[in-house]
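Engineer: Build me a model:
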Amino acid sequence: MLKLTDDGAKITLQAQPQTADNGLFWFGAALLIGAVAVAMAMSLLSERLAIGALALLIIGSFIFNKQRQQRKKAMSGVINNGILWVRAGELVHDNNGKREHIHLTDSDDVKLIGEQLQICDSDNVRKYHISGFETVQEATAAKAILQGQGLTKRHVNIKMSSD
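Structural biologist: Down below sits the predicted model:
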């Protein structure tokens, strides 16, 4: 929902349901089961096999951590819920009380992609991807405000003629 303010707009973003991406969950669950298996191997198997099982668990943990960091990096800059306060060259994203102030530079490029906004730097590298707008008009208004264009409220009177 878009509400114009004196210096910009307040937009409530509607988060889209996320697609099931349970790969990291299942990998973490497998590591947990592996840890239990290593504990049992250390008590039941020879030292050499137990050390090998422990080494496999350590390698698995390292891979899990790398995947988690890559996912976290991919999700940084993605805004799809909460309240977005938009002003010329500035965004404030309020997500359940956690506020993030985003200042755009002159070289940043704001692109409208359907009902989504993408903010890229001068090298065309994505900095932020904003989705969750109700309509294309909300996304267009946010882009216009970010670029310094002013929006005004319009009131329309409807007159009906009786014949």
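
Engineer: For burial, what's the neighbour tally of Leu84?
Structural biologist: In terms of burial, Leu84 registers 25 neighbours under the definition other Cβ atoms under 10 Å. The C-beta positions use only the backbone N, C-alpha and C, and glycine is treated the same way.

Engineer: would you say it is within a helix?
Structural biologist: No - with the criterion set as DSSP: H, G, I helix; E, B strand; the rest coil, the secondary structure at Leu84 is strand rather than a helix.

Engineer: Please tell me how far it sits from Arg126.
Structural biologist: From Leu84 across to Arg126, the span is 17 Å (Cβ to Cβ, to the nearest Å).

Engineer: now swap in Ala141 and tell me
Structural biologist: As it turns out, when the distance is counted by Cβ to Cβ, Ala141 lies 21 Å from Arg126.

Engineer: Also Gly114?
Structural biologist: For Gly114 relative to Arg126 (Cβ to Cβ), the value is 15 Å.

Engineer: Which residue of the two possesses the greater neighbour count?
Structural biologist: Arg126 (12 against 9).

Engineer: which ones are touching the more buried one?
Structural biologist: 77, 118-120 (Cβ atoms under 8 Å, 6 or more residues apart in numbering).

Engineer: rerun at 6 Å
Structural biologist: Cys120 (Cβ atoms under 6 Å, 6 or more residues apart in numbering).

Engineer: Local confidence estimate at it?
Structural biologist: pLDDT for Arg126: 82.

Engineer: Return the backbone torsion pair for the most centrally placed residue in the chain.
Structural biologist: By Cα atoms, centre = their mean, the chain has its centre lying nearest to Val78, at 2.3 Å. For Val78, the backbone dihedrals (degrees, to the nearest 10) come out as phi -100, psi 120.

Engineer: so which helix or strand takes in Ala74?
Structural biologist: Remark: Ala74 resides in helix 47-75, with elements defined by DSSP states H and E.

Engineer: List the buried residues in that helix.
Structural biologist: In terms of neighbour count (16 or more other Cβ atoms under 10 Å), helix 47-75 has its buried residues at 50, 53-54, 57, 60.
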